[in-house]
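all I have is the shape, not the residue letters:
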């Protein structure tokens with residue numbers, strides 16, 4: 001039986017403490033590459049010799065506009081899907097087309113991959129909250145949610161349900177996104 005990759009909350013915390021500077025650099029440098037009013041999620045999937053699956057890249061692109069405020073007076077961001085691209089091969093024309101839509105080159109992609117590798121991470125998504133994936137575990141994913149400033153009390157309550165989210169410190173929340181099967185929440189201590 002072929003086993004799926006594994007990780008844990010402990011791995012997530014250790015990586016953050018060991019790679020904090022690299023993770024913050026990744027967040028800052030990546031945000032500079034994103035066109036205004038866009039959210040771009042990118043994930044690099046490693047080659048699997050056992051499953052004979054080549055290295056692949058997934059890139060999802062969304063645009064957003066800021067609408068009038070809601071009842072609380074806060075502005076509302078309305079998102080539109082531009083493209084969703086899974087399992088792109090590194091040297092494919094399809095990947096080049098996606099990169100061109102962002103005004104990126106293969107060198108830009110290589111820079112993002114290098115920043116992710118330095119931070120020991122596999123994915124990143126910009127936005128109001130930056131989400132950086134560190135590892136897949138089974139069908140789930142362990143990630144960091146990085147806020148621009150320390151969380152207020154309401155955010156701490158929202159992002160500390162001890163299942164999908166664990167408030168870690170200051171502006172960092174740990175996230176576990178479950179997959180189609182396997183554990184649904186962070187493992188118990």
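All right, it came through fine. Treat the numbers as computed from the prediction; the structure is a model and nothing was measured.

give me the pLDDT for residue 73.
For residue 73, the model assigns a pLDDT of 73.

how near is it to residue 127?
Distance of residue 73 to residue 127, given as CB to CB, to the nearest Å: 21 Å. Glycine gets a C-beta too; all of them are placed from N, C-alpha and C.

the two: who's more crowded?
residue 127 (17 against 6; other CB atoms under 10 Å).

hmm, that one is touching residue 40, no?
No: using CB atoms under 8 Å, residue 127 is not in contact with residue 40, being 9.2 Å away.

what touches both of these two?
Counting by CB atoms under 8 Å, 6 or more residues apart in numbering, no residue touches both residue 127 and residue 40.

any low-confidence regions in the protein?
1-6, 47-53, 70, 138-139, 179-182, 189 (pLDDT under 70).

rerun at 90
1-9, 45-55, 65-78, 128, 135-140, 162, 177-189 (pLDDT under 90).

how far does the longest helix belonging to it sit from the chain's center?
Longest helix in the chain, counting residues (DSSP state H): helix 9-33. Taking the mean of its C-alpha atoms, helix 9-33 sits 11 Å from the chain's own mean (CA atoms, centre = their mean, to the nearest Å).

which residues belonging to it are considered buried?
9, 12, 13, 15, 16, 19, 22, 23, 26, 27, 30, 33 (16 or more other CB atoms under 10 Å).

who's sitting farthest from the centroid in the chain?
residue 71 (29.9 Å; CA atoms, centre = their mean).

spit out the contact partners of the residue nearest to residue 57 when sequence neighbours are not counted.
Among residues not flanking residue 57 along the chain, residue 88 sits closest, at 4.8 Å (CB to CB, 6 or more residues apart in numbering). Counting by CB under 8 Å, 6+ apart, residue 88 touches 56, 57, 58, 59, 94, 95, 98.

for residue 127, same thing?
Counting by CB under 8 Å, 6+ apart, residue 127 has contacts residue 39.

how about the helices in this protein?
9-33, 93-101, 106-118, 153-158.

turn these into CSV, including distance to residue 77.
Putting the helices of the chain into CSV (distance: least, CB to CB, whole Å) gives the following:
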stretch, distance to residue 77
helix 9-33, 16
helix 93-101, 20
helix 106-118, 23
helix 153-158, 17
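
ok, which of those helices comes nearest residue 131?
Nearest to residue 131 among the helices of the chain is helix 9-33; the distance by CB to CB comes to 10.0 Å.

what sits up against that closest one?
Defining contact as CB under 8 Å, 6+ apart, one finds that helix 9-33 is touched by 102, 104, 108, 111-112, 115-116, 118-121, 124, 126, 130, 132, 134-135, 142-144, 146, 166, 168, 172, 174, 176, 186-187.
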